[in-house]
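> got a predicted structure plus its sequence, pasted below:
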Amino acid sequence: MFGVGDRMQATEEVYSEPFSVTRRLEALGLKLDALLDSVLAGAQKRRACTKLHPPMFPGLAQWAETTHRLRERHIPEGWAPTDDSNYSLIVSRNGKTAIAVASGDENTGLVEGCPATSSPKGPHTMSAVAAHQLALDLEIPPELEAILEAFSVDPNRETWLLLTHWSERDGLVEVRAELSLPLAIAENQKVIGWRERIILPSTSLGPTDIEFPKHTPDLDIDVRKRA
C-alpha cells in the first residue's frame, strides 16, 4: 500500500450529521445543495442511457455531467475549471482547494464504511495523495515521492474527490456520494484511505430495469511529452 498504515486511520474524520456537514462544506467555500445538484445531474444523465449505448458510456456520461454541473454551479462563486493534462478539476478562488469527480465502491456514502475508488487512479491523483501526506509531515513512500517530483503539485492545495456510487438493490436505484480527501492509495492504484470524509445525503431514483457496468471509467490520464 502506498499509504500510511495505522497513522492514516488516526487522522480520519467523518462528517455525517446535517449541521456538521453544512459547516464543514461552508469552511471549504461549498454549499450542500450545489453538490447534491451536481450528483443528481450526473445520475440523471446516466439514467437516460439505454441498452443501445456502448456499455461503458453510461458511467462516462455520469462522470462528465457531474463534472459539468459542478463547474456550472461553482464558477459564479469564483471557482475555476482546469483540465491540465486531461485531469479535470475545479479550483477555488484562492487555489487552496480543488475537486475532481470519481466513482466509488459500495462503501461510498456509508458512515461505517471505508470506501475505495472503483477505478485505479493515475499519477495526478497519486501526486495529490503524496502532497496530502507531506502536509501531515508523514513519511512518503518512494513510489509516491517519485510521482510527486515528476508532477508539479502545489503543496498548499488539497485535492478532494467527489465520490459517487450507483447502487441497484431490489429493483431500485440509489445514488450515494461523499466529498473526501484522499490520504492512501493501494498498489492497484485505487484510493483506499481518507483524511476526511463528508457524507452527502443519498438520492433515490426509483425503479430501474436497465443494467450497466458497475465500474465508472474515471479519467486521470498519464500524459507524457514525446522525446
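Ah, there it is.
> ok, and for the top strand by length along the chain, which residues are buried?
Longest strand in the chain, counting residues (DSSP state E): strand 191-207. Across strand 191-207, burial judged by 16 or more other CB atoms under 10 Å covers 191-200, 202-203, 205. Heads up, the C-betas are built off the backbone N, CA and C, glycines and all.
> check contacts around the residue sitting nearest the centre point of the chain.
Taking CA atoms, centre = their mean, the centroid of the chain lies closest to residue 161, which sits 2.4 Å from it. Residue 161 makes contact with 99-102, 104, 117, 125, 179-182, 191 under the criterion CB atoms under 8 Å, 6 or more residues apart in numbering.
> measure it to residue 76 for me?
Taking CB to CB, to the nearest Å as the measure, residue 161 falls 23 Å from residue 76.
> now residue 118
31 Å.
> comparing the two, which shows the higher neighbour count?
residue 118 (22 against 8; other CB atoms under 10 Å).
> correct me if wrong: the more buried one contacts residue 104.
Yes - shown here, residue 118 and residue 104 form a contact pair, counting by CB atoms under 8 Å, at 6.0 Å.
> can you confirm residue 38 is in a helix?
Yes - Residue 38: assigned to a helix according to DSSP: H, G, I helix; E, B strand; the rest coil.
> what is the top helix by length along the chain packed up against?
The residue-count maximum for a helix in the chain (DSSP state H) belongs to helix 57-74. With contacts taken as 3 or more CB pairs under 8 Å, 6 or more residues apart in numbering; DSSP states H and E, helix 57-74 sits against helix 32-47, strand 89-91, strand 97-103, strand 158-169.
> ok, the next helix or strand after it: who's next to it in the sheet?
Downstream of helix 57-74, the first helix or strand assigned by DSSP states H and E is strand 80-82. With DSSP bridges as the test, strand 80-82 is paired with strand 89-91 (antiparallel).
> who touches the partner strand?
Residues from elsewhere that reach strand 89-91 (CB under 8 Å, 6+ apart): 67, 70-71, 74-75, 79-83, 97-100, 157, 159.
> just the buried ones from these?
Neighbour counting with 16+ other CB under 10 Å marks 67, 70-71, 74, 79, 97-100, 157, 159 as buried within the contacts of strand 89-91.
> in JSON lines: these, plus distance to residue 129 and pLDDT.
Converted to JSON lines, the buried ones among the contacts of strand 89-91 look like this (distance: CB to CB, whole Å; pLDDT from 0 to 100):
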{"residue": "67", "distance to residue 129": "20", "pLDDT": "98"}
{"residue": "70", "distance to residue 129": "21", "pLDDT": "98"}
{"residue": "71", "distance to residue 129": "23", "pLDDT": "98"}
{"residue": "74", "distance to residue 129": "23", "pLDDT": "97"}
{"residue": "79", "distance to residue 129": "22", "pLDDT": "98"}
{"residue": "97", "distance to residue 129": "16", "pLDDT": "97"}
{"residue": "98", "distance to residue 129": "13", "pLDDT": "97"}
{"residue": "99", "distance to residue 129": "15", "pLDDT": "98"}
{"residue": "100", "distance to residue 129": "12", "pLDDT": "97"}
{"residue": "157", "distance to residue 129": "12", "pLDDT": "89"}
{"residue": "159", "distance to residue 129": "8", "pLDDT": "95"}
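> could I get these as CSV with distance to residue 40?
Below are the buried ones among the contacts of strand 89-91 laid out as CSV (distance: CB to CB, whole Å):
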residue, distance to residue 40
67, 14
70, 11
71, 15
74, 15
79, 19
97, 22
98, 22
99, 16
100, 18
157, 27
159, 23
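> list the contacts of residue 177.
Neighbours of residue 177 in contact, by CB under 8 Å, 6+ apart: 35-36, 39, 108-109, 162-165, 200, 202-203.
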